[in-house]
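K.L.:
Curious how this folds, go ahead:
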Amino acid sequence: MTTQSETYLSQRPPVTPRKIKAGPPLSWISGSLRLLRENWGVILPAYFLVILAPVLAQVGLFSTISRSGFGTIVLIVAAIILLTLLLNAGLIAMFHSVAEGRPRFSQVFAGFGGHSLLHILLMVVLMAVASLAMAGVGYWVFSVIDISSWMSGMGQYGGYMGPSSGGQSGMVWVVLAVVAGFAALTVFFALFCYAIPLIVVSRQGAMNATVNSFRASFKNLFVLMFFAVNALAFSQLLFAPFILVSASSASAIFITVMAFLVLFVSGAVISGAYYLSFRDILLADPLPADEAEAGDAALA
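P.N.:
I've put the predicted structure just below:
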């Protein structure tokens, strides 16, 4: 099964990071709905597996946490995180097969292939290094802010301008700290936003994937923010009929099942829209039909 996934994905769609217009976020969601409607028999079981396996792993963790040491718990948590990333990589590969007109449920295991497994593990290491670096810079910045605020409030203004000026100076530093934190989170998001699909679909290495993800995300930062707002609005739109139905029902089981179904469907649609955003922003234009068939024949 994994061998078939590796063979299918070895075609390596070319990557061309580019800036797109602000309109696609709505088309990504509508396109994902169309993919779901036409291929629900493949997409929904795959998405159910992707969310079920980590939940079962977490249940197993909680059942053994009382009799496990700290080191064992850390290893189990790291394994669950890696499992979640690998399954989500397979989900992206499955959406790629659906978009290419060759839907395969087996693609959900594509993340466990040799290349994907190795480079997603390296990506996790890069994420840990980036997090530690940003945490170190943040600690240094906050320590400087504390000293500067104290000196600004007590040394420069305290003697002749009263405490309000020092408070205003401290507020300026707080605002600068918030802006710096937001900028750091934006950089982290840009580095790893499309790293997984670049690894599993385009067969890139972890370092190249983070570089291309950074380039593409920064070129389309406004579009991606607009997409996040649209995804949130879409989820709330799905919840509106659920709230109306729940208000007329007193069954806790019915309400729970309905809430799960709404979350399940909205999650599947947003996952598909995320893949379509990757396809529009990073993948090169598809080959003509005759060239694609020639490539398939050569690969066979």
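K.L.:
can you give me the helices for the stretch 151-300 of the chain?
P.N.:
For the stretch 151-300 of the chain, the helices defined by DSSP state H, counting those that start in this stretch cover 163-192, 195-200, 206-219, 221-247, 252-281, 289-299.
K.L.:
In the protein, which residue is most central in space?
P.N.:
Centroid-nearest residue in the chain: C193, 5.7 Å away (criterion: Cα atoms, centre = their mean).
K.L.:
neighbours around F192, how many?
P.N.:
19 (other Cβ atoms under 10 Å). Using the backbone N, CA and C atoms, a C-beta is placed for each residue, glycine as well.
K.L.:
thought it was touching M127?
P.N.:
Yes. Contact criterion Cβ atoms under 8 Å: F192 and M127 qualify, at 6.0 Å.
K.L.:
quick revisit: for the residue nearest to the centre of the chain, which non-adjacent residue is closest in space?
P.N.:
S217 (4.7 Å; Cβ to Cβ, 6 or more residues apart in numbering).
K.L.:
What is the neighbour count of that neighbour?
P.N.:
Using other Cβ under 10 Å, S217 has 23 other residues around it.
K.L.:
tell me the contacts of it?
P.N.:
Contact partners of S217, counting by Cβ atoms under 8 Å, 6 or more residues apart in numbering, are F189, A190, L191, C193, Y194, L224.
K.L.:
Do you know the pLDDT at the nearest residue to the second one once chain neighbours are set aside?
P.N.:
The spatially closest residue to A190, leaving aside those adjacent along the chain, is S217, at 3.7 Å (Cβ to Cβ, 6+ apart). Model confidence at S217, given as pLDDT, is 93.
K.L.:
Any figure for the gap between S217 and L122?
P.N.:
Distance from S217 to L122, counting by Cβ to Cβ, to the nearest Å: 19 Å.
K.L.:
do V223 as well
P.N.:
V223 sits 28 Å away from L122, going by Cβ to Cβ.
K.L.:
Which one's more surrounded, these two?
P.N.:
V223 (21 against 17).
K.L.:
Help me confirm that the more buried one comes into contact with I20.
P.N.:
Yes. Applying Cβ under 8 Å, one finds V223 in contact with I20, separated by 6.2 Å.
K.L.:
And the contacts of stretch 269-280?
P.N.:
Here stretch 269-280 makes contact (Cβ under 8 Å, 6+ apart) with 20, 24-25, 27-29, 31-33, 35-36, 43, 47, 91-92, 95-96, 99, 194, 197-198, 201, 224, 227, 231, 234-235.
K.L.:
For it, give the mean pLDDT please.
P.N.:
Here stretch 269-280 scores 94 as its mean pLDDT.
K.L.:
got the buried residues for that stretch?
P.N.:
V269, I270, S271, G272, A273, Y274, Y275, L276, S277, F278, R279, D280 (16 or more other Cβ atoms under 10 Å).
K.L.:
any chance of those in TSV, plus distance to V55?
P.N.:
Converted to TSV, these look like this (distance: Cβ to Cβ, whole Å):
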residue	distance to V55
V269	20
I270	18
S271	16
G272	21
A273	23
Y274	20
Y275	22
L276	26
S277	26
F278	25
R279	28
D280	31
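K.L.:
Return the closest of those with respect to T84.
P.N.:
Nearest to T84 out of these is S271 (Cβ to Cβ; 12.9 Å).
K.L.:
Please report how far the closest one lies from S217.
P.N.:
In terms of Cβ to Cβ, S271 sits 18 Å off from S217.
K.L.:
Run through this structure and note the low-pLDDT ranges.
P.N.:
Applying pLDDT under 70 to the chain flags the ranges 1-11, 22-23, 66-68, 141, 144-170, 242-251, 285-300.
K.L.:
tally of neighbours for F95?
P.N.:
F95: 31 surrounding residues under other Cβ under 10 Å.
K.L.:
who are the neighbours in contact with it?
P.N.:
L35, I43, S271, G272, Y275, L276.
K.L.:
Helix or strand: which one has it?
P.N.:
Here F95 sits within helix 70-99, counting by DSSP states H and E.
K.L.:
Tell me the buried residues in that helix?
P.N.:
76, 80, 84-99.
K.L.:
same thing with stretch 215-226?
P.N.:
Neighbour-count burial for stretch 215-226 flags R215, A216, S217, F218, K219, N220, V223, L224, F226 (criterion: 16+ other Cβ under 10 Å).
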